[in-house]
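A.B. asks: build the 3D model from these lines:
(2 chains)
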Amino acid sequence: MKTMVLGRLAHVVVVLLLVSVASMLLLELVPGDPAYAILGNSATPDAVAALHHRMGLDRPAWQRYLEWFGGVLHGDFGNSLRTGQPVLEAIGQKLPVTVELAVFALLIALVLSLPAGVYTGWRVGRPVDRLTSGLTSVIIASPVFLTALFLDYFLAVKTGAFPATGWRALDGGLAENLRYAFLPALTLAVTEIAVFTRLLRSDMITVLGEEYIANASAKGLPTRHLLLRHALKPASFSLFTLSGLSFGRLLGGAVIVELIFGVPGIGQLMIQSIQSKDYIMIQGLVLLIAFIYVVINAVIDIVYVYLDPRVRTEGVAI
Amino acid sequence: MSVIAEAPDTAAGAGRDSGPRPSRWRTGYRTAIRGLGVLRRRAGVVGAWFWLMLIALLAVLAPILPLADPAVPVGTPNLAPGARWPEFMGTDQLGRSVLSRLIDGARPSLMVALISVGLALVVGGMLGLVAGYRRRHAERVITVFIDATLAFPPLMLLMALAAVLTPSLWTLGIALAIVFAPSFARLARAATLRLASQEFVLAARSAGASRLRVMIRELLPSVVVPLLSYAFVVMAMAVVAEGSLSFLGLGIPPPAPSWGGMVASGRDNLREAPLLVFIPAAVLLLTVLSLNAVGHHLQQRTGNARGANL
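C.D. replies: Residues are numbered from 1 along each chain as shown, chains lettered A, B, ... in the order given. Purely as a prediction, here's the structure:
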């Protein structure tokens, strides 16, 4: 067990190293010069050279990488080339917005998919179930930018109930903040709702086929009790695993949704940094996103080993 | 003892024999409903194939069809659908035929999907096969690379590549192939692990076949089946990705039409002319739905519904 956890850890470290080297190499390939992004296109060659020297851009990439890497080991992720702001501070400013959206989206998704999943898993093949399954396949097929525009058109442009784009900080009052956060959160939630409902439905079907359910039913337990107390608990296990995964993914910044609705989160920061070739900021962001992804995967692998002893002996973690 | 044991039997027997039989009408009705259900499920798949064939055929035949040039205005801007023939879908904000642009826009979507999935299938499948069969070092190296690629934010990869290489069918296809290859590798590895200890593989080994021969002649034919059915689902993802990139302005540059680009330009006057967004959106959505439907159907046929969830 201990060796497996250590093995996972080593794997995580190697993956993160590879990711950071790859993002460095990738940015080396991207044409354009951060100096021009700062000084403007009419900058004189002397000024550009001076700035290069100040930013350390006149040295080879591997030297800059090692220097950056040394800083990271000390917890210093460097300063943004575009604004001069420390990377951790910039991420710390944008992260709350992204976290709020992710939490909001996940809440909407769970509130709507729990009853839908329980009902369709209980009443398989009924009209409601068929309608839901058709609807979820359409939703899953829909690219996020189409879902966003669709909701934007019907909830903002047509009815004017919600603002079409923009963001209000929490300082301006909770109600106003939630009104602006609702559409982007709903867009993010819609796909999750479809996936969650399908998963819960199929797990409910499996659990409801178990003998102890038939036994409890024969004992005369009311259906409501049976569904919510006896069946939902074991059936919701993989749903909560999946929602953990979704949360991690949403934290990485939903670039397209943030772009369409003008939300100042991690995704927007990433787009701006790529456009101005702010490689220090990008390095930090890529590392953050990869870190979240890898850690969540590793945690799930390890949790599965605890919960399902068979994985331990087989030793196959796909 | 015997009485107790018999009691439930007789009760059940009585229920079966003398209980009210369901009327013939009722069973007939039920069979008909079930038949309709099967037909409808098939109809979904048949419809999906039909739509994909139609789109592919139109995309291939676009140059010889009697359609207006998609890049040249043919009439007044924002013409409503149904007002003119053969441009029955109306015109966009520059007066170009929506129909021509839809048909021409199918080409980048389908070509990028075919190129990226084809490349990802071959490269990822090979890597997964090697990782699953050779285990040890090859496996360790390949899984680290797979995980690193999966951990890398895909949009960042695509945006950076779009900045380096001028977007074209091939560069987009290759960029997306890099994104998709790890999933194929995982799937191939899982399938190989399942097969590698089976009798026919061991038999081939003991008959003196080399490892390479075992991989190509014995394992590959069985590994390819789940990969191919999964390929349709990934093609749906590729169409979505191409649409998203075009929507962000990172796809094939204008004036060449693309579905995502049409949605993006229609978005500017969503209030006045919502159809300019909703028509290309519907076409894109139907294509993705059809690819998903065909993919899931094939996965069920090949008994690999679970493997695809990897």
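A.B. asks: going forward, measure contacts between C-alpha atoms and count neighbours the same way
C.D. replies: Fine.
A.B. asks: so what pLDDT did B:E6 get?
C.D. replies: Looking at B:E6, its pLDDT reads 39.
A.B. asks: any figure for the gap between the residue lying closest to A:A298 once chain neighbours are set aside and chain B?
C.D. replies: Leaving aside its sequence neighbours, A:A298 sits nearest to A:R8 (C-alpha to C-alpha, 6 or more residues apart in numbering or on different chains; 6.6 Å). As judged by C-alpha to the nearest C-alpha, to the nearest Å, A:R8 and chain B stand 11 Å apart.
A.B. asks: could you chop chain A up by domain?
C.D. replies: Per the record, chain A has its domains at A:1-82+A:278-318, A:92-275, by automatic domain parsing.
A.B. asks: out of those domains, flag the one nearest B:V294.
C.D. replies: Among these, domain A:92-275 comes nearest to B:V294, with 12.5 Å by C-alpha to C-alpha.
A.B. asks: now do the contacts for B:T76.
C.D. replies: When contacts are counted by C-alpha atoms under 8 Å, 6 or more residues apart in numbering or on different chains, B:T76 touches B:T91, B:L94, B:G95.
A.B. asks: sec struct for A:G166, please.
C.D. replies: When classified by DSSP: H, G, I helix; E, B strand; the rest coil, A:G166 comes out as coil.
A.B. asks: surely it meets A:L259?
C.D. replies: No - here A:G166 does not reach A:L259: they are 10.0 Å apart, not a contact under C-alpha atoms under 8 Å.
A.B. asks: show me what from the stretch 51-200 of chain B comes close to chain A.
C.D. replies: Counting by C-alpha under 8 Å from any C-alpha of the partner chain, the stretch 51-200 of chain B comes close to chain A at B:144-145, B:147-149, B:151-153, B:156-157, B:159-161, B:163-164, B:186, B:190.
A.B. asks: pLDDT averaged over stretch B:292-310 - what is it?
C.D. replies: 67.
A.B. asks: need the buried ones from the contacts of B:T76 selected in PyMOL.
C.D. replies: In PyMOL, a selection of the buried entries from these looks like this (16 or more other C-alpha atoms under 10 Å in any protein chain shown):
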select buried, chain B and resi 91+95
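A.B. asks: ok, back up a step: can you list the domains of chain A in a markdown table and add mean pLDDT and mean neighbour count?
C.D. replies: Output for the domains of chain A, formatted as a markdown table (pLDDT from 0 to 100; neighbours: other C-alpha atoms under 10 Å in any protein chain shown):
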| stretch | mean pLDDT | mean neighbour count |
| --- | --- | --- |
| domain A:1-82+A:278-318 | 73 | 16 |
| domain A:92-275 | 85 | 18 |
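A.B. asks: next, the buried residues of the helix or strand containing B:F278.
C.D. replies: Assigned by DSSP states H and E, B:F278 falls within helix B:275-301. Neighbour-count burial for helix B:275-301, counted by 16+ other C-alpha under 10 Å, picks out B:275-281, B:283-299.
A.B. asks: what subset of those is also close to chain A?
C.D. replies: Restricting those to those touching chain A (C-alpha under 8 Å from any C-alpha) yields B:A281, B:L285, B:V288, B:L289, B:N292.
A.B. asks: just give the closest residue to the fourth one, not the sequence neighbours.
C.D. replies: In this case it means B:L289. Closest residue to B:L289 apart from its sequence neighbours, by C-alpha to C-alpha, 6+ apart: A:A141 at 5.5 Å.
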